[in-house]
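J.: one predicted model, sequence on top.
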Amino acid sequence: MKTQRAGLVLLLMLCLSAQLMAQQKSPNPIFTADSLASGNYKDVLNSFFQLGLERLTSPDKEIRFKGTPFAVMAKLDTTLLVDKNYRNYTTLRNLNYAVGLRLDSSFRFNGFTSGITFAIVNKRDETVSKAFLKTVENNERVQQLYAANTAAGKEISKIQDMNVKGALLLELDAFVNQGTPFKSLSPELKEIILKAADEPLRQELNEKGDYNFTDTAKAIYSQLKEDLQKKVLWTVGVTDTTYKDQFVFSNLVLHTQFLKGLTQSPETTHDWELDIKSGLQFVDDTLKSGRDLKRMLFNLETGMNVVFKAKTTKRSYLEIKFSGSYYRNFAQLYAEEERDRLSLNATVRLRVFPEVWVPLEFRYDPENGNFLGFINIRANFTALGNIAKQL
């Protein structure tokens, strides 16, 4: 069973593997997969590094750097980015750390921030998710191509003449791995493949003389990988901030976030993504002397993120998220402070460069009529330069 599963996945990666072995200038599949992730996803869990300039129009600004332990290791040893090595570091790739500097309205230092986030459920990374393996295994087109390739190979192996057998195996490899169209094959191999194929594939081969096995496998893999971006991501984490005059926590937040794509049609150029996040915040009680974290605040935000994608590359270029938030104050109320509060929110993410996003955040308090707007800039990068492109 394990051999069959490995073969099914390998079938979809044949052309990619061949290009890497030949050291052609094709994108590393790891980075290709990362580029399909939405901006909202990368803000929740980043694959490599992210530099963020937060709330630039607010009196409480922040410069934040996010990364993964694996990305640091890969910077020192780029062989870790090779597929078989990459898969061995699942835990480290599901872990994000963040460090930052808080700035006041005059851009003066106002304290440190730090945090960690871990994905306890991550079905959006094909190198992490077992669900992706099941999806590949159960795909009818994958089973069809795998069966035809296997049957053709077995039929050729029965040939006694070693020269003929070797030539046909090389030709079959060119058809499967190197993009040789069906019409360019020898009559002997065409007959073997047609005999090995099931009726639907046989009909397709007869009707399309330029049928390309490699491109077909690529297309199936790309579609399955795109569908994977709609799977569940669930993270938990903790963040904190310190005072500017001493390294003591002024704020501590336990948080969790859940993402799930809802779009089913593969033809659509926009996706719908459910986004639910919650946090329990501990802050200093300024009514009491000393510094402590005895005030407890709870918040829950539920929203829908609409991802607009380019038709050919499938990369998102614009994302708009609408959400509603509920806040509950469990501590002693200050003057004019409310126990419960609601707000309506919107976030517009613009992709200004391939890995640079500008999220514009808006919050509206319907009870008090208060409106707030923030501008952020977030740049995602690998810091691996040309070395990564050669892997």
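T.: The structure has been received and is ready for your questions. On a predicted model such as this, the values are computed, not experimentally measured, just so you know. Numbering: from 1, shown residues only.

J.: confirm for me that residue 346 is in contact with residue 322.
T.: Yes - under the criterion of C-beta atoms under 8 Å, residue 346 is in contact with residue 322, at a separation of 5.5 Å. Just so you know, the C-beta spots here come from the backbone N, C-alpha and C atoms, and that holds for glycine as well.

J.: now do the helices in the chain.
T.: Along the chain, counting by DSSP state H, helices occupy 2-21, 29-35, 39-44, 69-76, 83-86, 90-93, 130-138, 140-157, 162-177, 187-196, 199-207, 213-228, 385-389.

J.: what does the model give residue 73 for pLDDT?
T.: At residue 73, the model reports a pLDDT of 86.

J.: what about it, how many residues close to it?
T.: 13 (other C-beta atoms under 10 Å).

J.: which residues touch the closest residue in space to it that isn't next to it in sequence?
T.: Sequence neighbours aside, residue 80 is the residue nearest to residue 73 in space, at 5.8 Å (criterion: C-beta to C-beta, 6 or more residues apart in numbering). By C-beta atoms under 8 Å, 6 or more residues apart in numbering, the contact set of residue 80 is 70, 73, 74, 86, 89.

J.: now swap in residue 37 and tell me
T.: 47, 124, 229.

J.: can you lay out these as TSV showing distance to residue 200, pLDDT and neighbour count?
T.: Below are these laid out as TSV (distance: C-beta to C-beta, whole Å; pLDDT from 0 to 100; neighbours: other C-beta atoms under 10 Å):
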residue	distance to residue 200	pLDDT	neighbour count
47	37	76	22
124	31	75	26
229	28	72	25
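
J.: ok so, going back, between the contacts of residue 80, which is nearest residue 381?
T.: residue 74 (12.7 Å; C-beta to C-beta).

J.: look up how far residue 49 lies from that closest one.
T.: 10 Å (C-beta to C-beta, to the nearest Å).

J.: go on, residue 162?
T.: 53 Å.

J.: for those two, indicate the residue with more neighbours.
T.: A count of neighbours by other C-beta under 10 Å puts residue 49 above the other of residue 162 and residue 49, at 20 against 8.

J.: contact partners for the closest residue to the more buried one other than its chain neighbours?
T.: Once flanking residues are discounted, residue 49 sits nearest to residue 67: 4.6 Å by C-beta to C-beta, 6+ apart. For residue 67, the contact set (C-beta under 8 Å, 6+ apart) comprises 46, 48, 49, 50, 96, 97, 98.

J.: again, only using 10 Å
T.: Counting by C-beta atoms under 10 Å, 6 or more residues apart in numbering, residue 67 touches 46-51, 75, 95-99, 383.

J.: give me the buried subset of the residues you listed.
T.: Buried members of the contacts of residue 67, scored by 16 or more other C-beta atoms under 10 Å, are 46, 47, 48, 49, 50, 51, 75, 95, 96, 97, 98.

J.: from those residues, which one has the minimum pLDDT?
T.: Lowest pLDDT among the buried ones among the contacts of residue 67: residue 47, 76.

J.: torsion angles phi and psi at that residue?
T.: Note on residue 47: its backbone torsions stand at phi -80, psi -30 [degrees, to the nearest 10].

J.: where does pLDDT dip in the protein?
T.: For the chain, the stretches with pLDDT under 70 are 1-36, 81-86, 125-133, 264-267, 382-391.

J.: mutual contacts of residue 346 and residue 322, please.
T.: 303, 362.

J.: and residue 69, what does it touch?
T.: 89, 91, 92, 93, 95, 96, 97.

J.: tell me the one of those nearest residue 212?
T.: Using C-beta to C-beta, residue 93 is the member of the contacts of residue 69 that lies nearest residue 212, at 33.2 Å.

J.: identify the farthest-apart pair in the buried ones among the contacts of residue 67.
T.: 51 and 95 (18.3 Å).

J.: okay, among the contacts of residue 80, which ones form the most distant pair?
T.: Going by C-beta to C-beta, the pair spanning the contacts of residue 80 furthest: 73 and 86, at 10.9 Å.

J.: need the contact list for residue 157.
T.: 165, 168, 169.

J.: got the domain ranges for the protein?
T.: 1-35+130-230, 48-77+90-124+231-389 (automatic domain parsing).

J.: chain center to the last one, what's the gap?
T.: Spelled out, that is domain 48-77+90-124+231-389. 16 Å (C-alpha atoms, centre = their mean, to the nearest Å).

J.: ok, the residue lying closest to residue 202 once chain neighbours are set aside - contacts?
T.: Of all residues not flanking residue 202 in the chain, residue 194 sits nearest, at 5.5 Å (C-beta to C-beta, 6+ apart). Applying C-beta under 10 Å, 6+ apart to residue 194 gives the contacts 148, 152, 182, 201, 202, 205, 206.

J.: from residue 313, how far off is the closest residue in space to the last one that isn't next to it in sequence?
T.: This means residue 206. Spatial nearest neighbour of residue 206, excluding adjacent residues (C-beta to C-beta, 6+ apart): residue 194 at 7.5 Å. Residue 194 sits 35 Å away from residue 313, going by C-beta to C-beta.

J.: ok, residue 332 next?
T.: 53 Å.

J.: for residue 75, same thing?
T.: Distance from residue 75 to residue 313, by C-beta to C-beta: 26 Å.

J.: buried residues of stretch 352-367, list them for me.
T.: Buried, per 16+ other C-beta under 10 Å, within stretch 352-367: 355, 357, 358, 359, 361, 363, 365.

J.: so which of the residues you listed comes closest to residue 326?
T.: Of all the buried residues of stretch 352-367, residue 326 sits closest to residue 365, with 12.1 Å by C-beta to C-beta.

J.: and residue 49, what does it touch?
T.: Per C-beta under 10 Å, 6+ apart, neighbours of residue 49: 65-68, 71-72, 75, 96, 355, 379-384.

J.: bridged to it, which residues?
T.: residue 67, residue 381 (DSSP bridges).

J.: cool, residue 299 as well?
T.: Beta bridges link residue 299 to residue 279, residue 327, judged by DSSP bridges.

J.: I'd say it and residue 330 touch.
T.: No - using C-beta atoms under 10 Å, residue 299 makes no contact with residue 330, being 11.5 Å away.
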